[in-house]
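[1] Got a predicted model here, sequence first, then my questions.
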Amino acid sequence: MDVEQAVIERRSVRNYLPDKPVPKEIVGKILDIARYAPSSGNLQNWKVILVSDHAMKEELANAALKQKWITMAPLLLVVCNSVGDVKRLYKERGEFLYSIQNVSAFVQNILLTAHSIGLGTCWIGAFDPEAVKRVLRIPDDVEPEAIISIGYAAEEFDAPSRKTIEQFCFFDIWGSSEKGFGPLPLQEHMGAVGEVSKKGKSFFSRIFKK
Ligand SMILES: Cc1cc2nc3c(=O)[nH]c(=O)nc-3n(C[C@H](O)[C@H](O)[C@H](O)COP(=O)(O)O)c2cc1C
């Protein structure tokens, strides 16, 4: 599966096939690919705790504002931000921006790679970090940034609607739109991957020609 298709087709999966664990080699492959994410100064400040024990998954689900469906996933990846080096090198901006962006790029790589090899995931951010730290014995200077549930999807999901390009894109200065310019309404093309690509390319070549 190419990147374009993975990006468009990936969905948050909250319902997993029971009794179908994710083979260790596949988890290894996903992490092996995800580690090529960009990071400020190439510091790669992510750490991952793999949780498959049911009792621990229950504790994490409780920490995640009682999102009980989380326990259904055969595996949880708790992705942490080991902020130390990024903070030392880039000070405040490193601590409060780069370190989180680095981990987020890594998380997105996991989601896309997992999808491309037939697995469902969900990025879970609604949790009490202190509770997660207690359950997993995460040290004080490390922050859990995301829990990723991962497993084989039990159902297919429709894509939640997306903003159109014209809703988030300006020309030259903030707030300006180009008259007569009709960027693609992305949701009309969901499922027509090639079509999105073709139109997306002409959209961007038009911007950068200026
Ligand atoms: C930072 C972040 C936190 C999220 N937290 C949760 C969460 O706690 N629980 C949940 O079910 N989904 C969570 N999601 C998933 C979003 O709800 C989902 O990505 C969004 O509705 C778009 O749907 P899609 O992923 O299927 O395209 C989170 C996503 C992100 C990026």
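    In hand now; what should we look at? Numbering: from 1, shown residues only.
[2] So, low pLDDT: which residues of the protein?
    In the predicted model of the chain, residues 179-210 satisfy pLDDT under 70.
[3] Can you find the residue of it that comes nearest to the ligand?
    Nearest residue of the chain to the ligand (Cβ to the nearest ligand atom) works out as Gly125 at 2.8 Å. Every C-beta, even on glycine, is put in place using the N, C-alpha and C of the backbone.
[4] Regarding the nearest residue to that residue once chain neighbours are set aside, what is its secondary structure?
    Using Cβ to Cβ, 6 or more residues apart in numbering and skipping the chain neighbours, the partner closest in space to Gly125 is Ala146 (5.9 Å). The local conformation at Ala146, judged by DSSP: H, G, I helix; E, B strand; the rest coil, is strand.
[5] neighbours around Ala146, how many?
    A total of 24 residues lie near Ala146 under the criterion other Cβ atoms under 10 Å.
[6] check contacts around it.
    Contacts were defined as Cβ atoms under 8 Å, 6 or more residues apart in numbering; by that measure Ala146 touches 78-79, 103-104, 107, 123-125.
[7] Quick check: beta-bridge partners of it?
    Each beta-bridge partner of Ala146 is listed here, defined by DSSP bridges: Val79.
[8] what kind of secondary structure is Leu97 in?
    helix.
[9] same question, Ile49
    Three-state secondary structure (criterion: three-state DSSP) places Ile49 in strand.
[10] So it is in contact with Leu75, correct?
    No - here Ile49 lies out of contact with Leu75, judged by Cβ atoms under 8 Å, at a distance of 11.0 Å.
[11] Asp85 and Asp32: what is the separation?
    The spacing between Asp85 and Asp32, counted by Cβ to Cβ, to the nearest Å, is 22 Å.
[12] ok, the two, which is more surrounded?
    For Asp85 and Asp32, the more surrounded residue by other Cβ under 10 Å is Asp85, and the numbers stand at 15 against 10.
[13] On the secondary structure side, give me the element for that one.
    Taking DSSP states H and E as the definition, Asp85 sits inside helix 84-93.
[14] just checking, what packs against the next helix or strand after that helix?
    Stepping forward along the backbone from helix 84-93, the first helix or strand reached (DSSP H and E) is helix 99-116. In this structure, helix 99-116 makes packing contacts with helix 3-9, helix 24-34, strand 46-51, strand 75-82, helix 84-93, strand 120-124, strand 142-151, judged by 3 or more Cβ pairs under 8 Å, 6 or more residues apart in numbering; DSSP states H and E.
[15] switch the cut-off to 6 Å
    Helix 99-116 makes packing contacts with helix 3-9, helix 24-34, strand 75-82, strand 142-151 when contacts are defined by 3 or more Cβ pairs under 6 Å, 6 or more residues apart in numbering; DSSP states H and E.
[16] Switch these over to TSV, and while doing so, append distance to the ligand to every line.
    As requested, those are arranged in TSV below (distance: least, Cβ to the nearest ligand atom, whole Å):
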stretch	distance to the ligand
helix 3-9	10
helix 24-34	15
strand 75-82	11
strand 142-151	7
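[17] how near is the most centrally placed residue in the chain to Val79?
    Nearest residue to the geometric centre of the chain (Cα atoms, centre = their mean): Gln108, 3.2 Å. Counting by Cβ to Cβ, the gap between Gln108 and Val79 amounts to 11 Å.
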